[in-house]
Structures are given as C-alpha cells and as structure tokens.
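> just a sequence and a predicted model for now, questions to come.
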Amino acid sequence: LNLGEGISGRVAHEGKAYLASDIENDPYYFLLFEDVRSELSVPIMDGPEVVGTITISSTESGGWDEDDLTLVWLLA
C-alpha cells in the first residue's frame, strides 16, 4: 500500500490514530485478510514526524475500544 492508502496508510499520512470497529463498512479499509472485522492503528512519532504505525486487527466486530486505543498510544 502507498502512503494514504488503507487504514495504516491513512494514519501514517495524517499522524492521527484511527479505530475501525466494523471494517466491512469502513471506507478506508483495504482488504488484505478475509477474517479481519475491526482494526486499530496509531502513528509512531519521532517528534513531529511519523516514522511508522502500530496496527492491530481483530476477527470480531468491535474488537477494540477506547481503552485499547489508549494502550496502543502508550506503546507507540
């Protein structure tokens, strides 16, 4: 995927976290795996620059919530 494509690419491009509770209806999800139902992605920052993303997927719709988002932000 190119910068800006898919959920991870969008997060890398914009530098903002994204929580997709139901990727089936999400306009940014790029189908890579058939069994993924929700995805959470946060940027990895080096000062003001995005150097990567942490992206986690779940096979359940609503698999991630705001608490998970907070935890992944801390990891990033």
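Looks like it came in fine. Numbers count the residues shown, from 1 in each chain.

> ok, G63 touching V36?
No. Using C-beta atoms under 8 Å, G63 is not in contact with V36; the gap is 9.1 Å. Bear in mind the C-beta positions are built from the backbone N, C-alpha and C, glycine included.

> where along this structure do the helices fall?
Assigned by DSSP state H, the helices in the chain fall at 6-14, 66-75.

> in TSV, list those helices along with mean neighbour count, mean pLDDT and distance to I23.
Putting the helices of the chain into TSV (neighbours: other C-beta atoms under 10 Å; pLDDT from 0 to 100; distance: least, C-beta to C-beta, whole Å) gives the following:
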stretch	mean neighbour count	mean pLDDT	distance to I23
helix 6-14	19	93	8
helix 66-75	12	91	15
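
> overlap in contacts of G63 and V36?
Common contacts of G63 and V36 (C-beta atoms under 8 Å, 6 or more residues apart in numbering): S57.

> low-confidence stretches in this protein?
In the predicted model of the chain, residues 1 satisfy pLDDT under 70.

> show me what the most centrally placed residue in it is bridged to.
For the chain, the residue nearest the mean C-alpha position is S41 (2.1 Å; C-alpha atoms, centre = their mean). Taking DSSP bridges as the rule, S41 bridges to Y18, T55.

> the residue of the chain most remote from its centre and K16: what is the separation?
The outermost residue of the chain relative to its centre, with distances by C-alpha atoms, centre = their mean, is G47 at 19.8 Å. Per C-beta to C-beta, to the nearest Å, G47 is found 16 Å from K16.

> before we move on, the earlier item: so which of the helices of the chain is nearest S21?
helix 66-75 (10.8 Å; C-beta to C-beta).

> next one: that closest one to chain centre, how far?
Mean C-alpha position of helix 66-75 versus that of the full chain (C-alpha atoms, centre = their mean, to the nearest Å) differs by 11 Å.

> and what of stretch 35-47?
Using C-alpha atoms, centre = their mean, the offset of stretch 35-47 from its chain centre is 3 Å.

> for that stretch, buried residues please.
Residues of stretch 35-47 classed as buried: 36-43 (neighbour count, 16 or more other C-beta atoms under 10 Å).

> okay if I get those residues as CSV plus distance to L3?
Shown next, in CSV, are those (distance: C-beta to C-beta, whole Å):
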residue, distance to L3
V36, 21
R37, 25
S38, 23
E39, 17
L40, 19
S41, 13
V42, 16
P43, 12
